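Asks: sharing a sequence plus its predicted fold:
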Amino acid sequence: MAEQKVQYTEDNIRSLDWKEHIRLRPGMYIGKLGDGKSADDGIYILVKEVVDNCIDEFVMGNGRKVVVKIKEDSVSIRDWGRGIPLGKVVDVVSKMNTGGKYDSKAFKKSVGLNGVGTKAVNALSSYFKVQSFREGEEKTVEFERGNILNDHDLVKTDKENGTYVKFVPDAEVFKAYHYRNQYLDKLFWNYCYLNRGLTIEFNSKRFHSKHGLRDLLENNMDGDPLYPIIHLEGEDIEVAFTHARSYGEDYYSFVNGQHTTQGGTHQSAFREAIAKVIKDFFGKYDPVDIRQSIVAAVAVKVMEPVFESQTKTKLGSLEVEPGGKSMRGFVMDFLKDKLDNYLHKHPEVTEVLENKIKQAEKERKELSGIRKLARDRAKKSNLHNKKLRDCRIHFNDLKHDRREDTSIFITEGDSASGSITKSRDVYQSGSI
C-alpha cells in the first residue's frame with residue numbers, strides 16, 4: 001500500500017492566543033513541569049513569578065513585607081507595594097507583552113522584564129485571582145485557565161496599598177504535584193539575603209536578613225570558614241567570600257534579586273577579578289590556586305538585563321546598562337578598590353589567605369608530579385614479553401580464511417613452554 005502524503009496547506013497554519021500558547025508550550029515559560037521533587041520544577045516558578053513582582057516593588061522603595069500562604073493546592077501572595085494601576089489590572093495579568101518594566105521609569109532594575117510572568121501563572125492555573133488596592137480603591141478580577149470568570153467593579157476599600165494574588169496550579173498541567181517546604185524556604189531566604197529590610201512571612205515562618213550575603217554564606221557553608229567572611233558593598237554590587245576546608249569552587253550569584261543558578265557574565269567577571277586582585281596584591285600565585293576552596297556570593301543590579309531563558313537562570317548581559325560600562329570592567333574596578341583596600345587593612349586575614357593559597361599550590365604541584373610520574377611509567381612499560389611466542393595469523397586478520405582457527409597456549413614453567421613452542425603451528429598458535 002503506497003504511503004499517503006500529508007498535505008501542507010493554509011489549514012495547517014494556526015494562530016494561538018496568549019493562553020493557548022502558554023498551555024501548549026509551558027516549558028518555554030516556566031521550564032520543566034515536574035511534581036515538586038526538584039527546586040526548578042514549574043510549580044515553584046509559578047510562586048517565584050508572582051513574588052518577583054513584590055520584590056520589584058520593595059527594590060523601588062515600596063512595601064517592606066510579603067506574605068505567602070500555601071494551603072493544600074492553593075497559593076496566595078500579598079505585598080504592600082503601590083498596587084497595580086487599577087485600570088490596567090486585567091491587562092497586566094492577561095495581555096502578553098504588557099507591563100510596567102519595559103523602560104526605566106517605574107522599575108529601574110527589575111527582575112520581570114518581558115511582561116510574561118503573571119500571565120503564565122494565570123494561564124496555567126485552574127483558578128487565578130488578582131486584587132489591587134490603591135489609594136482607597138480596590139479592583140478584583142478572577143480567571144480560570146486564563147479566561148475571565150468575574151471582572152468585579154471598582155469598589156472603595158480601607159485596605160493598605162498593594163497587590164494580592166491567589167492561584168491554584170492546574171492539575172491538568174501539573175500532575176500529582178506537591179510543594180516541598182525546603183525549596184520554598186531556600187527561595188524566600190535568597191530574596192531576604194538580597195533585600196535587607198525585607199520580611200517574608202511564609203505560613204508560620206518568618207524570613208529576614210540583617211547582613212545580606214554574609215548571612216547567606218554563614219548559613220550555607222559546611223563547617224567554619226578559614227577566615228572571617230569578607231563582605232563588600234558598592235552601588236549596584238555586593239560580594240561576600242571566604243575560603244573553606246574543602247576543594248573546588250562554590251558560588252552563589254544573583255542579578256536584580258534573581259538567583260542565577262547557572263551563573264553568567266557577572267559570575268565569570270567575579271571569578272576573573274578576584275583572582276587578579278589577590279594575585280596583584282601578593283605579586284604572585286596562579287588564579288587556580290587563589291580560587292581553590294573559595295565560597296563566594298555576588299549580587300549585581302543591572303539595567304535591562306539579558307537572560308538566556310525566561311526562567312532567568314543565566315545572565316548574558318555584557319554591560320551593566322545599555323551603552324554603559326562592561327560587566328567585566330564594572331566588577332573588576334569594584335574589587336580593585338574595595339578588596340585591595342580591605343587586604344591592606346587586615347593583615348591577619350591576608351596571612352591566612354596566603355597560607356591557604358600556598359597549600360593549594362603545593363597540593364596542585366604534588367598532584368601534577370604524581371600524574372607526570374604515572375604518564376612516564378605508562379610510556380616506559382612494554383607490553384612485549386620475551387617469553388611470548390606469537391603466531392603469524394591473528395583473529396583480527398579479517399582477510400585470512402584461517403583466522404578463526406588461531407589459539408594461544410598458556411603454560412606454567414619454561415620447560416613446558418619450550419615443548420609447546422617446538423610442536424605448535426606457527427601460523428595458528430601462540431604460547432606464553
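Replies: Arrived safely, thanks for sending.

Asks: rest of the way, CA atoms for contacts and neighbours
Replies: OK.

Asks: for the record, mean pLDDT for the longest helix belonging to the chain?
Replies: In the chain, taking DSSP state H as the definition, the longest helix is helix 347-380. For helix 347-380, the mean pLDDT works out to 87.

Asks: L343 in helix, strand or coil?
Replies: Look at L343: counting by DSSP: H, G, I helix; E, B strand; the rest coil, its state is helix.

Asks: can you give me the neighbour number for the nearest residue to it once chain neighbours are set aside?
Replies: Leaving aside its chain neighbours, L343 sits nearest to T350 (6.0 Å; criterion: CA to CA, 6 or more residues apart in numbering). Using other CA atoms under 10 Å, T350 is surrounded by 18 other residues.

Asks: wait, isn't T350 in contact with N341?
Replies: No: the criterion here is CA atoms under 8 Å, and T350 misses it with N341 at 11.6 Å.

Asks: all helices of the chain, in order?
Replies: Assigned by DSSP H, the chain shows helices spanning 18-24, 27-30, 42-59, 89-94, 117-123, 181-194, 213-220, 265-282, 287-291, 327-345, 347-380, 414-423.

Asks: just the CA atoms of the shortest one, as PDB, please.
Replies: Included here for helix 27-30 are C-alpha records, laid out as PDB according to Å, rounded to 0.1, in the frame of the first residue of the first chain:
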ATOM      1  CA  GLY A  27       8.200  24.700  29.200                       C
ATOM      2  CA  MET A  28       9.000  27.900  27.300                       C
ATOM      3  CA  TYR A  29       7.700  30.000  30.200                       C
ATOM      4  CA  ILE A  30       8.300  28.000  33.400                       C
END
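
Asks: next, the buried residues of it.
Replies: For helix 27-30, burial by neighbour count (16 or more other CA atoms under 10 Å) applies to Y29, I30.

Asks: what's the model's confidence in that helix, averaged?
Replies: Regarding helix 27-30, the rounded mean pLDDT is 83.

Asks: so which residues make contact with it?
Replies: I22, L33, G42, I45, L46, V116, G117, A120, Q310, T311 (CA atoms under 8 Å, 6 or more residues apart in numbering).

Asks: any of the residues you listed buried? List them.
Replies: I22, L33, G42, I45, L46, V116, G117, A120, Q310, T311.

Asks: state the distance from E308 to A240.
Replies: 25 Å (CA to CA, to the nearest Å).

Asks: err, N53, not the other one
Replies: Counting by CA to CA, the gap from N53 to A240 is 26 Å.

Asks: and which of the contacts of helix 27-30 is nearest to D425?
Replies: L33 (67.0 Å; CA to CA).

Asks: got phi/psi on the closest one?
Replies: Backbone torsions for L33, taken as degrees, to the nearest 10, come to phi -70, psi -70.

Asks: tell me the contacts of the closest residue to it other than its chain neighbours?
Replies: Distance criterion CA to CA, 6+ apart; nearest residue to L33, sequence neighbours excluded, is G42 at 4.6 Å. By CA under 8 Å, 6+ apart, the residues touching G42 are I30, G31, K32, L33, G34, G36.

Asks: now distance to V68 too, for the residues you listed, in a markdown table please.
Replies: What follows is the contacts of G42, written out as a markdown table (distance: CA to CA, whole Å):
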| residue | distance to V68 |
| --- | --- |
| I30 | 20 |
| G31 | 22 |
| K32 | 23 |
| L33 | 21 |
| G34 | 22 |
| G36 | 17 |
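
Asks: re the thing from before, pull the most distant pair out of the buried ones among the contacts of helix 27-30.
Replies: The distance between the two most remote of the buried ones among the contacts of helix 27-30 (CA to CA) is 17.1 Å, for L33 and V116.

Asks: buried sites along stretch 73-89?
Replies: So for stretch 73-89, counting by 16+ other CA under 10 Å, buried means V75, S76, I77, R78, D79, W80, G81, R82, G83, I84, L86, V89.

Asks: measure that stretch end to end?
Replies: Using CA to CA, one end of stretch 73-89 lies 24 Å from the other.

Asks: ranking helices and strands of this protein by mean pLDDT, which lands last?
Replies: strand 429-431 (a mean of 59; mean pLDDT, DSSP states H and E).

Asks: comparing E308 and A240, which shows the higher neighbour count?
Replies: Legend: neighbour count by other CA under 10 Å for E308 and A240, higher for A240 (21 against 14).

Asks: can you pull up the bridge partners for the more buried one?
Replies: Per DSSP bridges, the residues bridged to A240 are H231, A297.

Asks: centre of the chain to stretch 293-302, how far?
Replies: The chain centre lies 13 Å from the centre of stretch 293-302; the measure is CA atoms, centre = their mean, to the nearest Å.

Asks: quick one: buried residues of it?
Replies: For stretch 293-302, by 16+ other CA under 10 Å, it's S293, I294, V295, A296, A297, V298, A299, V300, K301, V302.

Asks: mind putting the residues you listed into JSON lines with pLDDT and distance to H178?
Replies: JSON lines is the format used below for those (pLDDT from 0 to 100; distance: CA to CA, whole Å):
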{"residue": "S293", "pLDDT": "94", "distance to H178": "36"}
{"residue": "I294", "pLDDT": "96", "distance to H178": "35"}
{"residue": "V295", "pLDDT": "96", "distance to H178": "32"}
{"residue": "A296", "pLDDT": "96", "distance to H178": "32"}
{"residue": "A297", "pLDDT": "96", "distance to H178": "30"}
{"residue": "V298", "pLDDT": "96", "distance to H178": "31"}
{"residue": "A299", "pLDDT": "94", "distance to H178": "31"}
{"residue": "V300", "pLDDT": "93", "distance to H178": "33"}
{"residue": "K301", "pLDDT": "89", "distance to H178": "33"}
{"residue": "V302", "pLDDT": "88", "distance to H178": "34"}
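
Asks: list the contacts for the residue nearest to A275 when sequence neighbours are not counted?
Replies: Spatially, and ignoring its direct neighbours in sequence, A275 is nearest to P287 (5.1 Å; CA to CA, 6+ apart). When contacts are counted by CA under 8 Å, 6+ apart, P287 touches A275, K276, K279.
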